[in-house]
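> here is the input, now give the coordinates:
(one chain, ligands or ions: 2)
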Amino acid sequence: MKTTLVINPKGGAGKTTVAINLASYFATSGIPTTVMDYDPQGSSLNWLRQRPMHLTRIHPANAAPAKPGRMRSMDMRVPEDTRQLVIDAPAGASGLLLQEMLSRTNCILIPVAPSSIDIHATANFIRDLLLAGRIRANNIRLAVVANRVRKSLPVYQPLERFLNSLNLPLVSRLDDSDVYVSAAETGVGVFEMEFAASVAERQQFMPIAEWVDSPKLIVDPKVPSLLPFHPAISVPGRSGLRVVTKGFPAP
Ligand SMILES: Nc1ncnc2c1ncn2[C@@H]1O[C@H](COP(=O)(O)OP(=O)(O)OP(=O)(O)O)[C@@H](O)[C@H]1O
Ligand SMILES: [Mg+2]
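Ligands and ions are numbered 1, 2, ... in the order given. As a prediction, the model looks like this:
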């Protein structure tokens, strides 16, 4: 069984969107697939409840922290025939819950929303993950997905340079598109939607599925610097972000 953890400590980065589309891709390819939702909001499990009966079944596993009277171990059971397990992480996961998710996974996908605040937080999360050592020790593969990309908002360059410096791939860019929203609302993935209406989204999502499905490569992320990610530090001379200080002449 291959396990992919979709995680970002920031809320709304696109974790559930990536997790459900990945799961639906595997399911439509005939691969027994389970979605494990660690989020008490249960967005992926809700998506599964909307799933039309005629589509290939995806098994639901609820790994959200236990409520009184609930047997967590029963809810989070993964069928033995599962070949692809996709884990949807909650925002802000840390401590034991984060360790538990990391201990299960072979691959990590990190979707990032296009704001400098999100990019900053995500880069620091990646740095902390790598510094903690489990990624290297367990040979976990890690990739980033730029999500909700808008041409008018070219904010990903500093993140790309940061990832390059760590030998980590930016595996795809997903447009800001209503197709993902309606897929989420109707229990399907972009690969299960009308072809003509989802061509661009399929093309953009394919590299993610291929990356997860590719044979295990030797992972060699570089050890990051202990400095927190800061565009001005990691990209000297970058012109996109400028600190405007009173008294400086206009450029
Ligand atoms: N590429 C996209 N284009 C358009 N809408 C998107 C895209 N990705 C995500 N969304 C929408 O943005 C919202 C947040 O996405 P999503 O739920 O996947 O994020 P999340 O990281 O799982 O959030 P949370 O931290 O709350 O679990 C949802 O309404 C989703 O439909
Ligand atoms: Mg979510």
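> and the residue of the chain found nearest ligand 2, which helix or strand is it part of?
For the chain, the residue closest to ligand 2 is residue 16, as judged by Cβ to the ion, at 3.3 Å. For glycine as for every other residue, the C-beta is placed from the backbone atoms N, C-alpha and C. Taking DSSP states H and E as the criterion, residue 16 maps to helix 15-28.
> close to ligand 2, is the next helix or strand after that helix?
Reading on from helix 15-28 to the C-terminus, the next helix or strand found by DSSP H and E is strand 33-37. No. Contact between strand 33-37 and ligand 2 is absent, the nearest approach being 8.3 Å (criterion: Cβ under 5 Å from the ion).
> now do strand 33-37: distance to the chain's middle.
Offset of strand 33-37 from its chain centre (Cα atoms, centre = their mean, to the nearest Å): 14 Å.
> that one versus helix 15-28: what angle between them?
For the pair strand 33-37 and helix 15-28, the angle between their directions (axes from the mean of the first three to the mean of the last three Cα atoms, to 10 degrees) equals 160 degrees.
> right, is the helix or strand following strand 33-37 up against ligand 2?
The first helix or strand that comes after strand 33-37 along the chain, using DSSP H and E, is helix 43-50. Yes. For a cut-off given as Cβ under 5 Å from the ion, helix 43-50 has contacts with ligand 2, namely residue 43.
> pLDDT of helix 43-50, averaged?
Per-residue pLDDT values across helix 43-50 average out to 98.
> what are the buried residues along that helix?
Of the residues in helix 43-50, those buried under the neighbour-count criterion (16 or more other Cβ atoms under 10 Å) are 43, 44, 45, 46, 47, 48.
> pipe those residues into a markdown table and attach distance to residue 170 per row.
Output for those, formatted as a markdown table (distance: Cβ to Cβ, whole Å):
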| residue | distance to residue 170 |
| --- | --- |
| 43 | 24 |
| 44 | 24 |
| 45 | 29 |
| 46 | 29 |
| 47 | 25 |
| 48 | 29 |
